[in-house]
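> what follows is a predicted protein model with its sequence.
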Amino acid sequence: MENHNKGQWSSSFGFLMAAIGSAVGLGNLWGFPYKMGMNGGFAFLLLYLILVVLVGFVITTGELALGRRSGKGVVDAFKSIDKKYGFIGWFAWISPLLILGFYCMLGGYCMKYAIANLGDLFGASWGVNGADSGEYFAGFYTDQFQTVLFTVIFILLTVLIVKGGVSGGIEKFTKVAMPALFVMLVIVIIRSVTLPGAAEGIAFMFKPNWEVFQGSGFISVLAAAGGQMFSSLSLGMGITVTYGSYMKKTEDIERNAIIVPLADTIIAIMAGLAVMPAVFASGLDPAGGPGLLFVTLQTVFQAMGGFGPIFGFLLYALVFIAAITSSIALLEAVSSVIMDRELEKNPNADKKSVRNKSVFLVSAIILLEGIFVSVDGLGANGLPQIFGQGCWLDTFDLISEGILMPLGACYMAIILPNAFVDEELTLEGNRFRTRRFYDFCIKFIAPLMMVLVLLGQIDTFFKLGIFG
Ligand code: PHE
């Protein structure tokens, strides 16, 4: 049931750059360092690595296999197992749709900060100009005109790339953007680890420290690491299924399912190395929470003197690249489901116009969401809130990353027939070397972990204190 109506990756490298680009996002460059900071450093890292092997690898394998086998977007992919499983596909469809609104807003924040650091470099009035980073950030996110503007620009850039198609837009862009991101990250790391006092930050990341495991600490760090692993690898939300559907039958899925999580993890650790040593060198708090990226790091750059704005620009620009290569994946995952619908109704329709129509429809929704979340100003602008959350970003995040994604992935792990995956992985003379490992992890460890992640997320969002 191969269906390449919507496009296909032109090369292995192209697929890898797109898939790694979808995985490497704000989750790695922002979430990973701050969650590591709040969960004891090395202890978190160790659990994270174990989870990537036991859960990340197997779910990536399953999703890629399901996508390629069906050749469809996430809803029809699940229906291809059995009609009654379409609802899991819809779970995985709603999540990226909700995430896109705030993800594009955060991508817009990165653009603003990259530009402001450039302003500082040229001594322009639109720079940060030595303002207190906390006050500067609060001034920006409550400024509705500016946040809406940057969000809209970010959405338009995302749409422009996705409109270009699988190989002509997404692959073409990520093939250049991902290597650029890597080089920029290396430059920032070199600066960070050579700052006086940086060693403490490196020790924080790699020196064994089990104190956080005391009491209910172990479960709580496990749930935090699981949640992070899962969203960082773009699982349970249709992206990996969709990207798998554009793969050639000759591609070795198993090999790719190892490379993508591995690259994502290496970049998350590199992000930690770019951030933690600099934070420690400046005597700031590694557990600074979400403020780490826009407040703590901006303080670090300002303290660096003349070269500070260059590194500031590089860091925010690379986070921007990471964000946009993920937002195009989110948009593609949502749009491909609409494209499937259109092509089903009219199989002979012009592919280009089906893509344009679907992408524009989805982007109209995202524009509304993005504007709404920006106007909310992280809850500071007085909009009414629901579910006891402090801002609409958290509410959208709660429904998607908190509930629908772990639930969907748990279902998938349980219902995806092993025989399906086995068949798909052994096509064209490929071998499925880890079959027994896969069979065991997908049926036992992955569902268990997903339930734990679900509880952990609900615990965090509702501050229930289940895990202490
Ligand atoms: N994996 C990407 C990231 O870590 C995109 C993503 C964001 C996926 C949020 C799921 C949820 O940023």
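It's in. Numbers count the residues shown, from 1 in each chain.

> sec struct for the residue of the stretch 301-450 of the chain found nearest the ligand, please.
Nearest to the ligand, among the residues of the stretch 301-450 of the chain, is residue 326, at 3.8 Å (C-beta to the nearest ligand atom). For glycine as for every other residue, the C-beta is placed from the backbone atoms N, C-alpha and C. Classification of residue 326 by DSSP: H, G, I helix; E, B strand; the rest coil places it in helix.

> so who does it touch?
21-27, 103, 234 (C-beta atoms under 8 Å, 6 or more residues apart in numbering).

> also residue 80?
1, 66, 69-70, 72.

> surely residue 284 meets residue 299?
Yes. Residue 284 is within contact range of residue 299, at 6.4 Å (criterion: C-beta atoms under 8 Å).

> for the two, indicate the residue with more neighbours.
Using other C-beta atoms under 10 Å as the criterion, residue 284 and residue 299 rank with residue 299 on top: 20 against 16.

> tell me the pLDDT of the more buried one.
Residue 299 is assigned 91 on the pLDDT scale.

> work out for me the element it sits within.
helix 297-303 (DSSP states H and E).

> report the buried residues of that helix.
Neighbour counts over helix 297-303 (16 or more other C-beta atoms under 10 Å) mark 297-302 as buried.

> TSV for those, including distance to the ligand?
Conversion of the buried residues of helix 297-303 to TSV gives the following (distance: C-beta to the nearest ligand atom, whole Å):
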residue	distance to the ligand
297	17
298	20
299	23
300	22
301	22
302	26
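
> tell me the span between the first and last residue of stretch 5-15.
17 Å (C-alpha to C-alpha, to the nearest Å).

> residues contacting that stretch, please?
In contact with stretch 5-15 (C-beta under 8 Å, 6+ apart) are residues 18, 73, 165-168, 171, 174-175, 243, 245-248, 251, 256, 336, 339-340, 343, 347, 351, 355.

> where does the protein have its least confident helix or strand?
helix 291 (a mean of 81; mean pLDDT, DSSP states H and E).

> who are the packing partners of that helix?
Helices and strands touching helix 291, as assessed by 3 or more C-beta pairs under 8 Å, 6 or more residues apart in numbering; DSSP states H and E, are absent.

> around the ligand, which positions in the stretch 151-300 of the chain sit nearby?
231-232, 234, 237 (C-beta under 6 Å from any ligand atom).

> please convert those to CSV, extending it with secondary structure and neighbour count.
Formatted as CSV, these follow (DSSP: H, G, I helix; E, B strand; the rest coil; neighbours: other C-beta atoms under 10 Å):
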residue, secondary structure, neighbour count
231, helix, 26
232, helix, 26
234, coil, 29
237, coil, 32
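
> pLDDT for these - can I get that in TSV?
Shown next, in TSV, are these (pLDDT from 0 to 100):
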residue	pLDDT
231	87
232	93
234	91
237	92
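
> and the least confident helix or strand of the chain, how far from the chain's centre?
Relative to the chain's own centre, helix 291 is displaced by 18 Å; criterion: C-alpha atoms, centre = their mean, to the nearest Å.

> other residues contacting that helix?
Counting by C-beta under 8 Å, 6+ apart, 134, 137 sit against helix 291.

> can you do 6 Å?
Outside helix 291, not one residue touches it by C-beta atoms under 6 Å, 6 or more residues apart in numbering.

> check stretch 52-63 too.
Under C-beta under 6 Å, 6+ apart, the answer for stretch 52-63 is 229, 233, 235, 240-241, 257, 261, 265, 409, 416, 421, 438, 441-442, 445-446, 449.

> let's see which of those residues end up in helices.
With DSSP state H as the criterion, helices contain 229, 240-241, 257, 261, 265, 409, 421, 438, 446, 449 from among those.

> and the furthest pair within the residues you listed?
265 and 421 (22.4 Å; C-beta to C-beta).

> one step back: quick one: which of the contacts of stretch 5-15 sit in helices?
18, 174-175, 243, 245, 256, 336, 339-340, 343, 351, 355.

> does the spatially closest residue to residue 292 that is not a sequence neighbour lie in a helix or a strand, and which?
In space, and not counting its chain neighbours, residue 292 is closest to residue 34: 4.2 Å by C-beta to C-beta, 6 or more residues apart in numbering. Following DSSP H and E, one finds residue 34 within helix 32-38.

> quick one: is that helix near the ligand?
No. When contact is scored as C-beta under 6 Å from any ligand atom, no part of helix 32-38 falls within range of the ligand; the minimum is 8.3 Å.

> helices and strands around that helix, which ones?
Helices and strands touching helix 32-38, by 3 or more C-beta pairs under 6 Å, 6 or more residues apart in numbering; DSSP states H and E, are helix 253-281.

> and the helix it packs on, how far out from the chain's middle?
So, by C-alpha atoms, centre = their mean, the centroid of helix 253-281 is 13 Å from its chain's centroid.

> could you do stretch 409-423 as well?
23 Å.

> got the buried residues for it?
409-413, 416, 420-421.

> spatially, which two of these are the most separated?
The most distant members of the buried residues of stretch 409-423, if one measures by C-beta to C-beta, are 410 and 420, lying 17.6 Å apart.
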